[in-house]
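K.L.:
What follows is a protein structure lacking sequence information:
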């Protein structure tokens, strides 16, 4: 059980910590400027936790588990690719359905998704190799 649970938890924790730093600090002014009129006063923490739990399942299933032992570089690359696909899909959907969604924010958000997911996949892969 720990062969799946520990890498999964590494992904969840990595994504949460990175997003707290990113959304809570670094990128907050960008989001406020671009979509401040859409943002809630307080985040919906239940929805956020469910997102991280489900997103980590995707990273495990599509990135970490298919990689050979010791292949953390490929996990990082495929994690970044998974981040690109998921974040760009989200941002393009917003551009298609929301008035005045900023194109520049979509590029920044997608780049963040690539980096964060690549790092989370790497963390999950390194833990999987250690406990595997």
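P.N.:
Perfect, I can see it now. Here the structure is a predicted model, which means the values were calculated and not measured.

K.L.:
Centroid-nearest residue for this protein?
P.N.:
For the chain, the residue nearest the mean C-alpha position is residue 117 (4.4 Å; Cα atoms, centre = their mean).

K.L.:
was I right about that one contacting residue 60?
P.N.:
No - using Cβ atoms under 8 Å, residue 117 is not in contact with residue 60; the gap is 11.8 Å. The way it works is simple: take the backbone N, C-alpha and C, and place the C-beta from them, glycine included.

K.L.:
could you point out where this protein is predicted with low confidence?
P.N.:
The model of the chain has no residue with pLDDT under 70.

K.L.:
Ends of stretch 14-31, what's the gap?
P.N.:
21 Å (Cα to Cα, to the nearest Å).

K.L.:
That one: how far from the chain's middle?
P.N.:
11 Å (Cα atoms, centre = their mean, to the nearest Å).

K.L.:
hmm, back to that, in contact with the residue nearest to the centre of the chain: list those residues for me.
P.N.:
Contacts for residue 117 (Cβ atoms under 8 Å, 6 or more residues apart in numbering) come out as 15, 59, 63, 79, 80, 82, 83, 86, 87.

K.L.:
Give me the nearest residue to it, chain neighbours excluded.
P.N.:
residue 83 (2.8 Å; Cβ to Cβ, 6 or more residues apart in numbering).

K.L.:
does that neighbour sit in a helix or strand, and which one?
P.N.:
Per DSSP states H and E, residue 83 falls inside helix 72-97.

K.L.:
In terms of secondary structure, what does that helix contact?
P.N.:
Under the contact definition 3 or more Cβ pairs under 8 Å, 6 or more residues apart in numbering; DSSP states H and E, helix 72-97 sits against helix 45-59, helix 103-131.
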